[in-house]
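got a sequence here, can you model it:
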Amino acid sequence: MSVRGGAGRLADSRAWPLLAAVVLGGVLIYLLRPILTPFLVAALLAYLADPLVDRLQRLHLGRTPAVVVVFLVLTGILTGIVLLLIPLVGHQIDILQRQIPALIDWLQQTALPWLQSRLGVDPGVLDLERIRSAITEHWRSTGNIAADLVARATRSGLALAGLLATLALIPVVTFYLLRDWDVLLARIHALLPRRIAPQVARLAGECDEVVAAFLRGQLLVMLALGVFYAAGLWLVGLQLAVLIGLISGLAAIIPYLGFVVGILAASLAAVFQFSDWLVPLLLVWAVYLAGQALEQMLLTPVLVGDRLGLHPVAVIFAVLAGGQLFGFVGVLIALPVAAMVMVLLRHAHAHYQGSELYNRQESQDP
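Residues are numbered from 1 along each chain as shown. Now for the predicted structure:
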C-alpha cells in the first residue's frame, strides 16, 4: 500500500510541471494576444505550406530553394485572388445595398400581408418603414467603409505604422518558420523526456491528422465549393452570385451550414430579382444540390479523406469560445486546440475504459 501511494505521489509530482507549463502558456497567450496575430497567422501559413515544401525536397530540391519556390507561388496566387475578389465583392456589395430598400418594400407590401392572411402574423412586429428609411439614408456612406477606415488610419501615424508593421511581419515570419519547420519540430522532440517521447510523438501525429483534415482539407473544400457555387449562380444569372458563393464557401467550414445558408440566400435573391422566378429558383436549387453531391462524393473523400474530423458542434463552440476568450487570436487557434483536446479526450476515454475503476465489479457474497 505504501509503495502504491509513493508511486501515486511520484506521478503527481511529475505531472505538476506539465500542468504549470500549460497554465503558464495560456496566461502568456492571453497577455500577449495583441501582438500574437502576425505570428499565429504566419505559423498557420507555414503549417499549410510545409507539405508542398516536403514534396519539392523529395524531388532533390534543397529546403531553402523549395521554400522560396513555394513562397513565391503562394504569394502570387494569394495576391491574384485578392486583386480579383476586391473589385468583384465591392461591386456585389454595392448591388446589395441598392437592392435592400426595394427588398424591404417587397417584404412590407407582399410578404408580410401574405403571412398575415395565411398565418395571422402581425405586420407591426417589424418596423420595416424605419429600417427602410435608415438604409436609404445611409447606404451611400456605408458603401465607403473601406475608404473611411483608410482615412482614419492615415490620420493616426502610429496606428498606420502598426498596421503596416503587422502586415510586413507576416510574410517575413512565414518564410523563416517554413524554412526551419522541420528543425523546430526536431528540437522540440529532442527536448522531450525519452520515456514519453514515443507516446507524445504518436499523439502529435494524431493531432496533426485531425488539424490537417480541417486546416488543409476543409479549406480546400471551402475554396472549391465557393468557386462552384459562384460560377453556378452566375450562369443562372443571379446578380449577387459572387457574394453568395463566397459566403457559402466560408460557411462550409461547418458541414451543411454552407449549403443551408447559401440556398436560402440564393433563393431569396432569385425570387426578388426575377419577375418570373420559378425557373431561376429551380436552377438555384439544382446548383446547390449539385454542389452538395460534389462535396460528398468527390471533394471530401479526396481532399479530407477518412481522417477523423471535429463534430460540427465542436467547431462552433471552439470558434465562439476562442473569440470570446482571446479575440481574433482565439479564433486562429480555436480549431487546432480543439483538435488536440479531442485527441487527448479520446485517449483518456480509452484509458478510462481499460482502467480498474471502469471494469471493477462489486464483490458479491455467496
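
who are the packing partners of the helix or strand encompassing Arg187?
Using DSSP states H and E, Arg187 sits in helix 181-191. With contacts defined as 3 or more Cβ pairs under 8 Å, 6 or more residues apart in numbering; DSSP states H and E, helix 181-191 has these neighbours: helix 2-58. For glycine as for every other residue, the C-beta is placed from the backbone atoms N, C-alpha and C.

same thing but at 6 Å, please
Packing partners of helix 181-191 (3 or more Cβ pairs under 6 Å, 6 or more residues apart in numbering; DSSP states H and E): none among the helices and strands.

show me what it is in contact with.
Ala46, Asp50 (Cβ atoms under 6 Å, 6 or more residues apart in numbering).

quick check: buried residues in it?
Trp181 (16 or more other Cβ atoms under 10 Å).

same check, this time on stretch 279-298
Applying 16+ other Cβ under 10 Å to stretch 279-298 flags Pro280, Leu281, Leu283, Val284, Val287, Tyr288, Gly291, Gln292, Glu295 as buried.

and stretch 266-276, by the same measure?
Ala266, Ser267, Ala269, Ala270, Val271, Phe272, Gln273.

and the helix or strand just after the helix holding Arg187, C-alpha only, in CSV?
As assigned by DSSP H and E, the chain's next helix or strand after helix 181-191 is helix 197-212. The C-alpha coordinates for helix 197-212 follow below in CSV (Å, rounded to 0.1, in the frame of the first residue of the first chain):
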residue,chain,number,x,y,z
ALA,A,197,8.8,10.7,-26.4
PRO,A,198,7.3,7.9,-28.5
GLN,A,199,3.8,8.4,-26.9
VAL,A,200,4.0,12.2,-27.4
ALA,A,201,5.1,11.7,-31.0
ARG,A,202,2.1,9.4,-31.6
LEU,A,203,-0.3,11.8,-30.0
ALA,A,204,1.2,14.7,-32.0
GLY,A,205,0.8,12.7,-35.2
GLU,A,206,-2.9,12.1,-34.5
CYS,A,207,-3.4,15.8,-33.7
ASP,A,208,-1.7,16.7,-36.9
GLU,A,209,-4.1,14.3,-38.8
VAL,A,210,-7.1,16.0,-37.3
VAL,A,211,-5.8,19.5,-37.7
ALA,A,212,-4.8,18.8,-41.3
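
what mean pLDDT does the helix holding Arg187 get?
Averaging pLDDT along helix 181-191 yields 86.

distance from that helix to the middle of the chain?
Here helix 181-191 is found 27 Å from its chain centre; the criterion is Cα atoms, centre = their mean, to the nearest Å.

and the protein, what are its domains?
Following automatic domain parsing, the chain resolves into domains at 32-191, 195-309.

just say which of the ones you listed is most tucked in.
domain 195-309 (a mean of 18; mean count of other Cβ atoms under 10 Å).

tell me how far that domain lies from the chain's centre.
Using Cα atoms, centre = their mean, the offset of domain 195-309 from its chain centre is 12 Å.

to Tyr358, which of the domains of the chain lies closest?
Nearest to Tyr358 among the domains of the chain is domain 195-309 (20.7 Å), distances taken as Cβ to Cβ.

any idea which of the domains of the chain scores lowest on pLDDT?
When I compare the domains of the chain, domain 32-191 is least confident, with a mean of 74.

that older thread, filter the buried residues of stretch 279-298 down to the ones in helices?
Pro280, Leu281, Leu283, Val284, Val287, Tyr288, Gly291, Gln292 (DSSP state H).

now Leu59. Its backbone dihedrals?
phi -90, psi 20 (degrees, to the nearest 10).

please enumerate the helices of the stretch 201-350 of the chain.
Ranges of helices within the stretch 201-350 of the chain are 219-236, 241-251, 257-273, 278-294, 312-326, 328-353, based on DSSP state H, counting those that start in this stretch.

among these, which comes closest to Asp94?
helix 241-251 (10.4 Å).

would you put the C-alpha positions of that closest one in PDB?
This file holds the C-alpha atoms of helix 241-251, laid out as PDB (Å, rounded to 0.1, in the frame of the first residue of the first chain):
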ATOM      1  CA  ALA A 241     -23.600  35.300 -57.400                       C
ATOM      2  CA  VAL A 242     -20.100  36.000 -56.300                       C
ATOM      3  CA  LEU A 243     -21.100  37.400 -52.900                       C
ATOM      4  CA  ILE A 244     -23.500  34.500 -52.100                       C
ATOM      5  CA  GLY A 245     -20.900  31.900 -53.400                       C
ATOM      6  CA  LEU A 246     -18.200  33.400 -51.200                       C
ATOM      7  CA  ILE A 247     -20.500  33.300 -48.200                       C
ATOM      8  CA  SER A 248     -21.500  29.700 -49.000                       C
ATOM      9  CA  GLY A 249     -17.900  28.600 -49.300                       C
ATOM     10  CA  LEU A 250     -16.800  30.300 -46.000                       C
ATOM     11  CA  ALA A 251     -19.800  28.800 -44.100                       C
END
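
residue contacts, Ala265?
Ile244.

can you rerun that using 7 Å?
By Cβ atoms under 7 Å, 6 or more residues apart in numbering, Ala265 lies in contact with Ile244, Ile247.

begin at 620 from now on, thanks
I'll keep to 620 as the first residue from here, and by that count the last item is Ala884.
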